[in-house]
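Student: coords please:
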Amino acid sequence: MFYTIENLYIQPTNNNNNNNNHNHNHILLNLIPAQPSIIYVQRPILTYTYTQPYQTKYILPIKTINQQTNEIKPHANELVQKERIKSPIKRSLTPPLSSEEQLDLNLSRFGYRRQLVDGDGNCFFTAIASQLIILFNQDRYFRIAIQNRLNFPENLFTNVTRLARALRKLVCLEWKLNPAKYKPYINDVNYYDEIRKFRLDKFYSSTLGDILPLTISSIIGINLKIITSLSQCPILEVCPQDEPLTSIKSLPILTLAYNQENDGHYDIAVEKTEKEF
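Tutor: Now for the predicted structure:
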């Protein structure tokens, strides 16, 4: 018995048919459920060409019962061919979803929808700033806690664009002051050169962008929930590495929708109302 590179078994057949005296071997591939596939040949194989197999249905007549004597009669360990048909090539009739369609599907499954953010290179910071301003105006305890945490002036929480730019500078400062915490996430790039690039308004194409959620979560002390455009990993939860935001009754969660197609883009994930379900 021989093994091939396809991990199939090869063994000579017991066919004694003298009428089949060809100079080459006839290979028959038998697909048997839950057993190894077997190739039967009439003489030892030295080389062969693998082609698309046929699907062959077999009955394994291990034993039968004589209806008159109730005797069990064993059969030889040979395969009896019932029918032979070509293997159909199954193709999906439904085209794969685009990244946007998959993102919307994932959002809907978790009870969210997208609130669009401009794709101007500041989308992540804009999505975070928009939610911080809402929380700042809605919750007095949050307002006091976040001001103490970030040391930002109160008027900065009235303008999304200004707050987004301030968050970008704060993130870059965090990277610069704590390289031991963030540098292990970055491979094969000049860490400090990337930080200098990231300080520029609307700059986003950098490997540092991959650790933005972790960094901003640690800075503000709030968990992030990110609904992605991936079918196999539809949701990510990011927690602060340092102490969470304190002095408030319950910690809020910032929710983002992330389409990772091309260079990636962040929108805001908003919980659906009862009418939208």
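
Student: Any stretches of this protein with poor pLDDT?
Tutor: 1-93, 188, 247-249, 277 (pLDDT under 70).

Student: domain ranges for this structure?
Tutor: 2-86, 99-276 (automatic domain parsing).

Student: Can you get me the start-to-end distance on stretch 197-208?
Tutor: 10 Å (CA to CA, to the nearest Å).

Student: List the buried residues of that stretch.
Tutor: 198, 203-204, 206, 208 (16 or more other CB atoms under 10 Å). Any C-beta I mention is one placed from the backbone N, CA and C, and that applies to glycine too.

Student: what do you get for stretch 133-140?
Tutor: 133, 135-136, 139.

Student: Just the ones of the residues you listed in helices?
Tutor: 133, 135-136 (DSSP state H).

Student: Would you reformat the residues you listed as TSV and include distance to residue 144?
Tutor: What follows is those, written out as TSV (distance: CB to CB, whole Å):
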residue	distance to residue 144
133	15
135	12
136	10
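
Student: Tell me the one of those nearest residue 266?
Tutor: residue 133 (16.2 Å; CB to CB).

Student: Relative to residue 206, how far out is the closest one?
Tutor: 26 Å (CB to CB, to the nearest Å).

Student: swap in residue 172?
Tutor: 11 Å.

Student: so what sits against both of the two?
Tutor: residue 198 (CB atoms under 8 Å, 6 or more residues apart in numbering).

Student: nearest to residue 254, of the buried residues of stretch 197-208?
Tutor: Nearest member of these to residue 254, counting by CB to CB, is residue 204, at 18.4 Å.

Student: can you confirm that closest one is in a strand?
Tutor: No. With DSSP: H, G, I helix; E, B strand; the rest coil as the criterion, residue 204 is located in coil rather than a strand.

Student: In contact with it, which residues?
Tutor: So, once contact is read as CB under 8 Å, 6+ apart, residue 204 ends up touching 121-124, 263-264.

Student: Please repeat the previous calculation with a cut-off of 6 Å.
Tutor: residue 121 (CB atoms under 6 Å, 6 or more residues apart in numbering).

Student: Also residue 237?
Tutor: Here residue 237 is in contact with residue 225 (CB under 6 Å, 6+ apart).

Student: tell me which residues in whichever helix or strand it is part of are buried?
Tutor: In the assignment (DSSP states H and E), residue 237 maps to strand 235-238. Within strand 235-238, the residues scored as buried using 16+ other CB under 10 Å are residue 238.

Student: quick one: residue 100 from residue 261, how far?
Tutor: From residue 100 to residue 261 the distance is 8 Å (CB to CB).

Student: quick check: longest helix of this protein.
Tutor: The chain, longest helix under DSSP H: helix 160-177.

Student: What is that helix packed up against?
Tutor: Contacts defined by 3 or more CB pairs under 6 Å, 6 or more residues apart in numbering; DSSP states H and E place helix 160-177 against helix 123-138, helix 191-198, helix 212-220.

Student: Can you tell me what sits against the second one?
Tutor: Which is helix 191-198. With CB under 6 Å, 6+ apart, helix 191-198 has contacts from 172, 175-176, 183, 203, 206, 208.

Student: could you give the angle of it to helix 160-177?
Tutor: Taking axes from the mean of the first three to the mean of the last three CA atoms, to 10 degrees, one finds that helix 191-198 is oriented at 170 degrees with respect to helix 160-177.

Student: and the angle from helix 191-198 to helix 212-220?
Tutor: Going by the same axes, to 10 degrees, helix 191-198 makes 90 degrees with helix 212-220.
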